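Visitor: I would like the atomic coordinates for the input below:
(one chain, ligands or ions: 2)
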Amino acid sequence: MSTIAYTCPCCGAPLSFSGASGKLECAACGNSYDTEAIEAMNPAVTDEGPAFDLPKEEFNQEEAAGMHAYLCEGCGAELMTEGATTATECPYCGSPAILPDRIEGGVKPEKVIPFTVTKEQAQQQFEEYFKGKRLLPNVFLESRNRITEMRRLYVPYWLFDCEADANIVYDAEKEHTRREGDWEITRTEHYVVRRKGGMAFEHIPVDGSVKLDNKITESLEPYDLSAAVPFSPSVLAGALADHADVDAAECEGRAMERVENSVSQAMRETVVGYTRVNERSTNIRTEGGKVTPVLMPVWLITTEKEGTTYTFAINGQTGKLTCDVPADKKKSLIWGGSVFAGAFGIGALALWLLGQLGSGTLLIAAVIAAIIALIVVGSLTAQLKQAVHQNAAADYVRKGSFKLDVSYDRFLYETTKKRKIETGNQNK
Ligand SMILES: [Zn+2]
Ligand SMILES: [Zn+2]
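Guide: Numbering: from 1, shown residues only. Ligands and ions are numbered 1, 2, ... in the order given. From the prediction side, this is the model:
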């Protein structure tokens with residue numbers, strides 16, 4: 001005998017099982033349901049957190065002896081490089097006050113993606129950036145000293161692998177509208193939909209550096225991991241590497257957020273044919289988790305303008321640039337305003353020529369003009385390549401790993417609404 005008290009999805013009253021019909025019946029509204037459909041709506045929740053095998057390997061004595069460690073007095077960054085490279089300034093803050101430190105503990109990177117973008121190429125990318133950007137704040141136009149020092153930095157990332165299984169229940173509705181005389185009749189069919197399945201993810205990157213905003217590091221994606229080489233101190237020659245100061249366990253949450261968003265989206269895409277679909281309950285589990293520590297190549301430029309520090313970062317493997325330069329507010333307003341005025345003027349003129357000028361048609365013209373203005377300002381803002389979070393992990397799904405184990409759609413009950421069609425009142 002089941003101890004779970006089920007309630008009616010239509011009216012919320014308690015359901016009772018009828019031996020005669022073999023169904024769960026509602027005495028309040030008269031609907032009856034298959035036990036299976038009601039059970040599908042209320043899945044048992046298994047609550048297991050993601051279990052990842054965290055990397056533990058530390059530098060061996062030989063490696064530690066072949067490396068220098070530094071501590072930046074300016075920003076506190078802990079950096080390392082190979083024995084023959086001397087660091088003269090901090091790649092994050094530019095401070096020359098970097099003191100020798102000791103390699104102590106810390107997880108050893110397993111792989112390194114070497115730099116393929118040269119300093120000259122990175123510099124060119126950076127200079128190109130300032131061309132043709134209409135919403136660029138004036139501080140970047142006025143100063144001629146644009147070429148700031150570019151610093152070669154290996155950024156620590158944790159790469160997450162896992163298999164994710166989702167069990168999602170949706171409330172779905174199909175709506176049918178018909179007309180009977182003066183009445184509009186809307187019939188809504190309510191369904192319970194369940195999807196169970198999952199996919200495997202490989203190498204979702206999360207940076208382990210406190211100093212760099214996650215928006216910046218996520219915008220530098222993707223990296224091509226096939227070019228990675230095993231870690232050795234010599235790979236770091238001529239560059240500084242940051243020591244991961246956010247450990248893998250702390251980064252796990254960010255990776256999981258992206259996994260969950262991608263899995264829910266993939267499952268949602270299999271729910272088709274409905275007017276409305278709402279997630280009722282979501283249960284996502286991950287297993288077989290593995291974390292790989294790697295170093296990724298980044299050209300970093302920090303520049304101070306009128307008391308604000310701006311960060312530019314270029315992917316040292318692909319040349320992709322991102323930054324935290326905001327769109328100039330005044331310029332955005334001027335652009336938005338002029339585009340709106342122009343589009344609205346043309347619209348109004350066209351309406352006048354067509355003899356359709358009226359408050360209703362003008363309002364439509366204004367809405368269209370506003371949309372055009374937003375699109376123009378949006379695309380001008382996009383030119384600034386502002387760093388944004390990557391909220392899903394679709395790029396990291398292992399090919400062919402998507403599976404759908406349960407695909408269940410079941411009709412529950414229907415509701416009908418009648419609405420009197422008002423006619424002729426617009427003329428009054
Ligand atoms: Zn009911
Ligand atoms: Zn520093």
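Visitor: can you list contacts of the worst-scoring helix or strand of the chain on mean pLDDT?
Guide: Lowest by mean pLDDT, DSSP states H and E among the helices and strands of the chain is helix 139-142, with a mean of 78. With contact meaning C-beta atoms under 8 Å, 6 or more residues apart in numbering, helix 139-142 is reached by 130, 146, 305, 306, 325. From N, CA and C alone the C-beta is placed, and that goes for glycine too.
Visitor: make it 6 Å
Guide: Outside helix 139-142, the residues within contact range by C-beta atoms under 6 Å, 6 or more residues apart in numbering are 305, 306.
Visitor: again, but for stretch 32-39
Guide: In contact with stretch 32-39 (C-beta under 6 Å, 6+ apart) are residues 6, 23, 24, 25, 192, 410.
Visitor: which one of those residues sits in the busiest neighbourhood?
Guide: Within the contacts of stretch 32-39, most neighbours by other C-beta atoms under 10 Å means residue 192, with 24 neighbours.
Visitor: for that one, report the pLDDT, please.
Guide: Note for residue 192: predicted pLDDT of 96.
Visitor: hang on, the earlier thing: pick the one among the contacts of stretch 32-39 closest to ligand 2.
Guide: Among these, residue 192 lies closest to ligand 2 (C-beta to the ion), at 56.2 Å.
Visitor: about what we covered before: can you show me the CA trace of the least confident helix or strand of the chain as CSV?
Guide: Extracted C-alpha coordinates of helix 139-142, given in CSV (Å, rounded to 0.1, in the frame of the first residue of the first chain):
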residue,chain,number,x,y,z
VAL,A,139,39.2,57.7,-23.0
PHE,A,140,40.4,55.1,-25.4
LEU,A,141,40.3,57.5,-28.4
GLU,A,142,42.1,60.4,-26.8
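Visitor: following that helix, which helix or strand shows up next?
Guide: Sequence-wise, the next helix or strand downstream of helix 139-142 (DSSP states H and E) is strand 151-180.
Visitor: which parts of stretch 217-225 are buried?
Guide: Residues of stretch 217-225 classed as buried: 217, 218, 219, 220, 221, 223, 225 (neighbour count, 16 or more other C-beta atoms under 10 Å).
Visitor: and the helix or strand hosting residue 339, what does it pack against?
Guide: Assigned by DSSP H and E, residue 339 falls within helix 329-353. With contacts defined as 3 or more C-beta pairs under 6 Å, 6 or more residues apart in numbering; DSSP states H and E, the packing partners of helix 329-353 are helix 359-382.
Visitor: and stretch 153-169, C-alpha only, in PDB?
Guide: What follows is stretch 153-169, C-alpha atoms only, in PDB (Å, rounded to 0.1, in the frame of the first residue of the first chain):
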ATOM      1  CA  LEU A 153      50.400  34.400 -18.800                       C
ATOM      2  CA  TYR A 154      49.400  30.800 -18.400                       C
ATOM      3  CA  VAL A 155      46.100  30.700 -16.700                       C
ATOM      4  CA  PRO A 156      45.200  27.700 -14.600                       C
ATOM      5  CA  TYR A 157      41.900  26.000 -15.500                       C
ATOM      6  CA  TRP A 158      40.200  22.900 -14.300                       C
ATOM      7  CA  LEU A 159      38.600  20.800 -17.000                       C
ATOM      8  CA  PHE A 160      35.500  18.800 -15.900                       C
ATOM      9  CA  ASP A 161      34.400  15.600 -17.400                       C
ATOM     10  CA  CYS A 162      31.200  13.900 -16.400                       C
ATOM     11  CA  GLU A 163      28.100  12.000 -17.400                       C
ATOM     12  CA  ALA A 164      24.900  13.800 -16.600                       C
ATOM     13  CA  ASP A 165      21.500  12.100 -16.200                       C
ATOM     14  CA  ALA A 166      18.300  14.000 -16.100                       C
ATOM     15  CA  ASN A 167      14.800  13.100 -15.000                       C
ATOM     16  CA  ILE A 168      12.500  16.000 -15.800                       C
ATOM     17  CA  VAL A 169       8.800  16.200 -15.500                       C
END
